[in-house]
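Chemist: Got a predicted structure here, sequence first:
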Amino acid sequence: MKYLVIIPTYNEKDNIVKIVPEILEKYPEVHVLVVDDNSPDGTGQLVKDMSAKDQRVHLFENPNKGGLGKAYLAGYTWAIEHGYEAFVQMDADFSHRIEDLGHLLTAIRHQDLVVGSRYIPGGATTNWAWYRKLISRFGSLYARIILGFPLNDWTGGFNAWRSETLQKINFSEVRSNGYSFQIEMKYRALKNGAQAQEVPIIFDERREGQSKMSLKIVIEAFFRVWQIRFLA
Ligand SMILES: Nc1nc2c(ncn2[C@@H]2O[C@H](COP(=O)(O)OP(=O)(O)O)[C@@H](O)[C@H]2O)c(=O)[nH]1
Ligand SMILES: [Mg+2]
């Protein structure tokens, strides 16, 4: 199978030059696509330099910062057009472990969707304050009750998709862009009948740079779940 790891970036210069080589060293058969929103810190240029030396590395550049959801949709569209059969979405900041990537790549061979899950046995978050754990746990439980599918981790962004699963989703109808983007994409896939499997992942706090998590994003997700339920 032709695999692509899709990494959205905004100001990740210190992380991106480390994570891409680490992925390629451990999984030489995969390709990597970085979707960069014209980061002021020059992340895009660093990826261009890597892609000039290694044909497994690709860069998709958005001219403006459009948010995480838009970046992923651009990456998925590119991946489908280029004939990749399975894609893993992964953060640049080392929150997602390289060794867990292998479990997602293995599981997606036999599934439509593989959800990296912090909330099944073997999964965890490290170094999170109690309130952040509570918000995240509650968020997934809340989504599960309202949306009616038995997933344990709705907001996580470390997931593997089969190309066909994403091709059944009409990207122009996707409304979310923040945290709720992950919820909406999973819900749309499950509603279309996708077979999903959760595999445990350990989510580490980012090593370098700033997180974009904010109260506004959490509140948006809280209300957006209802919109997803009735409009998706
Ligand atoms: N292309 C793009 N990437 C983004 C944007 N916002 C966040 N990212 C990337 O998405 C990933 C997750 O973001 P992060 O800030 O770590 O989120 P958190 O871990 O939930 O706090 C990282 O690789 C970011 O660089 C955006 O607007 N555009
Ligand atoms: Mg992060």
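Modeler: Looks like it arrived, so ask away. Numbering: from 1, shown residues only. Ligands and ions are numbered 1, 2, ... in the order given.

Chemist: Roughly how far does the spatially most distant residue from the centre of the chain sit from ligand 2?
Modeler: Largest separation from the mean C-alpha position in the chain: Lys53, at 25.7 Å (Cα atoms, centre = their mean). Separation of Lys53 from ligand 2 (Cβ to the ion, to the nearest Å) stands at 27 Å. Quick note: C-beta positions are derived from backbone N, CA and C, even for glycine.

Chemist: same check, this time on Arg56
Modeler: Distance from Arg56 to ligand 2, by Cβ to the ion: 24 Å.

Chemist: and what of Leu101?
Modeler: 15 Å.

Chemist: Wasn't Gly122 part of a helix?
Modeler: No - counting by DSSP: H, G, I helix; E, B strand; the rest coil, Gly122 is not part of a helix but coil.

Chemist: nearest spatial neighbour of it, skipping sequence neighbours?
Modeler: Nearest residue to Gly122, sequence neighbours excluded (Cβ to Cβ, 6 or more residues apart in numbering): Pro200, at 3.2 Å.

Chemist: residues from the protein in reach of ligand 1?
Modeler: 8-10, 12, 35-37, 65, 67-68, 71, 91-93, 95, 206, 211-213 (Cβ under 6 Å from any ligand atom).

Chemist: Drop anything exposed from those residues.
Modeler: 8-10, 12, 35-37, 67-68, 71, 91-93, 95, 206 (16 or more other Cβ atoms under 10 Å).

Chemist: Was I right to think Tyr10 contacts Gly66?
Modeler: No - the pair Tyr10 / Gly66 is not scored as a contact, 9.8 Å apart, by Cβ atoms under 8 Å.

Chemist: shared neighbours of those two, anything?
Modeler: Asp37 (Cβ atoms under 8 Å, 6 or more residues apart in numbering).

Chemist: Show me the strands in the protein, by range?
Modeler: 3-9, 31-36, 57-61, 86-89, 113-117, 124-125, 159-162, 196-200, 202-203 (DSSP state E).

Chemist: just checking, what packs against the fifth one?
Modeler: Packed against strand 113-117, as judged by 3 or more Cβ pairs under 8 Å, 6 or more residues apart in numbering; DSSP states H and E, are the following elements: helix 98-107, strand 159-162, helix 180-191, strand 196-200.

Chemist: winner for burial among the ones you listed?
Modeler: strand 159-162 (a mean of 26; mean count of other Cβ atoms under 10 Å).

Chemist: And the contacts of that one?
Modeler: Here strand 159-162 has contacts from 76, 85-89, 104-105, 107-108, 111-116, 182, 186, 189, using Cβ under 8 Å, 6+ apart.

Chemist: what's the answer for stretch 23-38, then?
Modeler: 2-10, 16, 20, 43-44, 47, 54, 56-66, 71-72, 74-75, 78-79, 84, 90, 92, 98-99, 101-102, 105.

Chemist: For PyMOL, what selects the buried ones among those residues?
Modeler: Listed next is the PyMOL selection for buried residues among those, using 16+ other Cβ under 10 Å:
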select buried, resi 3+4+5+6+7+8+9+10+16+20+43+44+47+56+57+58+59+60+62+66+71+72+74+75+78+79+84+90+92+101+105
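
Chemist: which bits of this protein sit near ligand 2?
Modeler: Contact residues (Cβ under 5 Å from the ion) of the chain with ligand 2: 91, 93, 95, 206.
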